[in-house]
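Visitor: return atomic coordinates for the entry below.
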Amino acid sequence: MRTTVEVQNRRRILCVFPHYTPSFGSFHHAYSLMPGVGAFMPPQGLLVIAAYLPEAWDVRFIDENIAPATDDDFQWCDAVFASGMHIQERQVRAIHERGKRYGKVTCIGGSSVSGAPEKYPEFDYLHIGELGDATDRLIRILDADLTPPPEQVRLETTERVALSDFPLPAYDQIPLKTYLLGSLQFSSGCPYRCEFCDIPALYGRQARLKTPEQLLRELDVFISQPSHPAVIYFVDDNFIANRKATKEMLPHLIAWQKKHDYPLQFACEATLNMAKQPDILAMMREAGFFTVFVGIETPELDALKAIAKDHNNAVPMYEALETLNSYGLEVTSGIILGLDSDTDQSEDRLIEFIDRSNVPVLTINILQALPKTPLWDRLAKADRLIDDPKLESNVKFLRPHDKVVASWRRAIAHAYAPENIFARFRAQMDTTYGHRIKTPVRGKLTRANLRRGLFMGWNIVWQIGVKSDYRAVFWRSAWHALKKGQVEAIYNMGFVCHHLIRFTREALRGEHNASFYAAQDVKQKEALAARGEVGRAA
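Guide: Down below sits the predicted model:
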């Protein structure tokens, strides 16, 4: 639904989503392999805000991961809305500066400002929290007066709009064909209190839900656009946060897929104890779920207890991974280095886990403390939060900083050495892909999919199979897939490996941060390195 606020004036709102800092998880190096793709995933939050604004208002939506907002965009609008995560802090501020250059009112919402409003002292209006009464108050203020306030105004949501009343995201404002993945939200919140995670503080521990009917309407709108992505990612904080609701929703998703001849594949993120839910896993398989992101964090059991992630121990880790694979789910894993429990042996145990688990994609980050987390509170009390652009994290580790960074470098070098990552994909061909359901071909036989397949196939052959220095291991792995009749695996393996190998090589050259959550300026660090000032911290 839209806002119920009755407005008296016509306003023009420019919604701008900032560019992402490159990371392992953005897959930006793979975009060139696919026709027209320029961004990772549509930003659900700001698209929902755009759809919620009064119908009488004109809304223009810009995702700067596709193309930057222009001077004409800023001249056109009355107010600028921005949103983003902590990693996008600098880009968010740049949006404010451009808005002010044209004398516009600037408003910031989203997870970063909700978690740390002090980061954004320059914005006129801060929208803290989720869609709700703060949103309506902001609409009333802008309807009455577009004059920038004499001092910053903070609007904090106390009454949230129920997820079941959320409007359809403003998909009409964006060309879905420019995204690698689609995005869909069923629930918000997570019952667990992992020490490093800000989700419970921002969105609550009791999952709030959309109705199955809402999801199906969103899917109908999604596939109505030509050349939409073939994969949709459920952006839920934890797909099984409310297991009963997930069980009740999945039959609707299965029925929708069957009705439309399975035009889509699905991915999600969940806790590892989902391996204890065979009924959910069976329905996920039938609904066309192919990938699940799991926060493994560390293979060391005592370390999991220390960070309040001991629910990962509900099932022996390797047994849980094998169970997920047996339902056709390829696991992607989050890993953290720099935990207080880390020792000189932690790196070896991580590398053993990488090789033994055969998880093909691991986002290996150095620990970063986020506001509104138990970790942040604990480190603040111990005077272990630091703000130093020379370092890779805001945490004063118990081990020497240089050792932590060196472990990270060796871990990613091992994980994404071409022979190693292709070997893990070959293992998935043997243990996972054969367990997936066979879906009707006619649901995917669209002109857009055929064009995408031909374009991507040629680029994989040329850029990886001919030009790359790892072409021999690629062809060996592609032949392994062909012998098993898994042609689609060649495409998936090709674009994933292309990105991860290239990104790793850049990271090892010092071109990227060691954490997706760290917003340090790489150019600043390069200047410090030239003066010999990087890494001199215990």
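
Visitor: only C-alpha atoms from now on, for both contacts and neighbour counts.
Guide: Noted.

Visitor: all strands for the chain, in order.
Guide: Applying DSSP state E to the chain gives strands spanning 12-17, 58-63, 79-83, 105-109, 125-128, 153-156, 182-184, 187-188, 208-209, 231-234, 265-270, 289-297, 330-337, 361-366.

Visitor: now the angle between strand 361-366 and the longest one, please.
Guide: Looking back up the chat, that one is strand 289-297. Counting by axes from the mean of the first three to the mean of the last three Cα atoms, to 10 degrees, strand 289-297 lies at 20 degrees to strand 361-366.

Visitor: off-centre distance for strand 289-297?
Guide: Centroid separation between strand 289-297 and its chain, computed with Cα atoms, centre = their mean, to the nearest Å, is 12 Å.

Visitor: just the mean pLDDT for the lengthiest helix in the chain, thanks.
Guide: Ranked by residue count under DSSP state H, the longest helix found in the chain is helix 487-508. Helix 487-508 comes out with an average pLDDT of 95.

Visitor: going forward can the numbers begin at 9, since that is how I track them
Guide: Let's use 9 as the start, then, which means that last one is helix 495-516.

Visitor: so what does that helix touch, helix or strand wise?
Guide: helix 409-423, helix 426-439, helix 479-491 (3 or more Cα pairs under 8 Å, 6 or more residues apart in numbering; DSSP states H and E).

Visitor: closest to residue 343 out of these?
Guide: Between residue 343 and those, the tightest spacing by Cα to Cα is seen for helix 409-423, at 10.2 Å.

Visitor: against which helices or strands is that closest one packed?
Guide: Contact analysis of helix 409-423 by 3+ Cα pairs under 8 Å, 6+ apart lists strand 338-345, helix 354-365, strand 369-374, helix 495-516 as its packing neighbours.

Visitor: point out the most buried one among the ones you listed.
Guide: Highest mean neighbour count among those (mean count of other Cα atoms under 10 Å): strand 369-374, with a mean of 23.

Visitor: quick one: strands adjacent to that strand?
Guide: Within its sheet, strand 369-374 is paired with strand 338-345 (parallel), according to DSSP bridges.

Visitor: distance from the strand it pairs with to the middle of the chain?
Guide: 13 Å.

Visitor: a markdown table for the helices and strands packed on helix 409-423, including distance to residue 485?
Guide: Shown next, in a markdown table, are the helices and strands packed on helix 409-423 (distance: least, Cα to Cα, whole Å):
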| stretch | distance to residue 485 |
| --- | --- |
| strand 338-345 | 17 |
| helix 354-365 | 17 |
| strand 369-374 | 16 |
| helix 495-516 | 8 |
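
Visitor: please tell me how far residue 34 sits from residue 187.
Guide: With the distance defined as Cα to Cα, to the nearest Å, residue 34 ends up 11 Å from residue 187.

Visitor: any common contacting residues for those two?
Guide: In the contact map built from Cα atoms under 8 Å, 6 or more residues apart in numbering, the residues linked to both residue 34 and residue 187 are residue 48.

Visitor: more neighbours, the two?
Guide: Each of residue 34 and residue 187 has its neighbours counted (other Cα atoms under 10 Å); residue 187 has more, 24 against 18.

Visitor: mind listing what the nearest residue to the more buried one once chain neighbours are set aside touches?
Guide: The shortest distance from residue 187 to any residue other than its chain neighbours is 4.9 Å, reached at residue 47 (Cα to Cα, 6 or more residues apart in numbering). Neighbouring residues of residue 47 by Cα under 8 Å, 6+ apart: 36, 39, 73-74, 186-188.

Visitor: mind running it again at 7 Å?
Guide: When the contact criterion is Cα atoms under 7 Å, 6 or more residues apart in numbering, the partners of residue 47 are 73-74, 186-188.

Visitor: residues near residue 220, how many?
Guide: Residue 220 is surrounded by 19 other residues when neighbours are defined as other Cα under 10 Å.

Visitor: and it, what does it touch?
Guide: Going by Cα under 7 Å, 6+ apart, residue 220 touches 257, 260.

Visitor: tabulate the contacts of residue 47 in a markdown table, adding columns for distance to residue 298.
Guide: Formatted as a markdown table, the contacts of residue 47 follow (distance: Cα to Cα, whole Å):
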| residue | distance to residue 298 |
| --- | --- |
| 73 | 26 |
| 74 | 26 |
| 186 | 22 |
| 187 | 18 |
| 188 | 16 |
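
Visitor: ok, these vs residue 371, which is closest?
Guide: Using Cα to Cα, residue 188 is the member of these that sits closest to residue 371, with 17.9 Å.

Visitor: does the closest one touch residue 43 like I think?
Guide: No - the pair residue 188 and residue 43 fails to qualify as a contact (Cα atoms under 7 Å) at a distance of 10.0 Å.

Visitor: more neighbours, those two?
Guide: Under the criterion of other Cα under 10 Å, the comparison of residue 188 against residue 43 puts residue 188 first, with 24 against 18.

Visitor: tell me the contacts of that one?
Guide: 45, 47-49, 237.

Visitor: surely residue 429 meets residue 366?
Guide: No - taking contact to mean Cα under 7 Å, the distance of 8.7 Å between residue 429 and residue 366 leaves them out of contact.

Visitor: these two: which has the busier surroundings?
Guide: The residue with more neighbours, out of residue 429 and residue 366 and counting by other Cα under 10 Å, is residue 429; that gives 25 against 22.

Visitor: the longest helix of the chain: how far from the chain's middle?
Guide: Shown here is helix 495-516, whose average C-alpha point lies 17 Å from the average C-alpha point of the whole chain (Cα atoms, centre = their mean).

Visitor: list of residues touching it?
Guide: Around helix 495-516, the neighbours that count as contacts under Cα under 7 Å, 6+ apart are 32, 35-38, 417, 420-421, 424-426, 433, 465, 468, 486, 489, 520.

Visitor: how does it look with 6 Å?
Guide: Helix 495-516 is contacted by residues 35, 37-38, 424, 486 when judged by Cα atoms under 6 Å, 6 or more residues apart in numbering.

Visitor: below-threshold pLDDT in the protein: ranges please.
Guide: 523-546 (pLDDT under 70).

Visitor: now do 80
Guide: Using pLDDT under 80 as the threshold, the predicted model of the chain has low-confidence ranges 450-456, 521-546.

Visitor: how about residue 404, what does it touch?
Guide: Contact partners of residue 404, counting by Cα under 6 Å, 6+ apart, are residue 392.

Visitor: okay, it and residue 226: tell me how far apart.
Guide: Separation of residue 404 from residue 226 (Cα to Cα) stands at 44 Å.

Visitor: now residue 99. Nearest residue, chain neighbours left out?
Guide: In space, not counting the residues next to it along the chain, residue 99 is nearest to residue 26; the distance is 5.6 Å by Cα to Cα, 6+ apart.

Visitor: I'd assumed residue 74 was in contact with the one you found.
Guide: No - with contact defined as Cα atoms under 6 Å, residue 26 does not count as touching residue 74 (9.8 Å).

Visitor: more neighbours: which of the two?
Guide: Each of residue 26 and residue 74 had its neighbours counted (other Cα under 10 Å), and the higher figure belongs to residue 26 (27 against 19).

Visitor: burial count for residue 113?
Guide: Count around residue 113 with other Cα under 10 Å applied: 22.

Visitor: actually residue 79, sorry about that
Guide: Tallying neighbours of residue 79 according to other Cα under 10 Å, which is how burial is gauged here, yields 12.

Visitor: ok, the one 5 residues further on next?
Guide: With neighbours defined by other Cα under 10 Å, the count for residue 84 comes to 15.

Visitor: quick one: residues contacting the nearest residue to it once chain neighbours are set aside.
Guide: On the basis of Cα to Cα, 6+ apart, the spatially nearest residue to residue 84 that is not a chain neighbour turns out to be residue 20, at 7.3 Å. Applying Cα under 6 Å, 6+ apart, we find residue 20 in contact with 65-67, 85-86.

Visitor: ok, now with 8 Å
Guide: With contact set as Cα under 8 Å, 6+ apart, residue 20 has these partners: 65-68, 84-87.

Visitor: do residue 73 as well
Guide: Residues touching residue 73, when contacts are defined by Cα under 8 Å, 6+ apart, comprise 25-28, 46-47.
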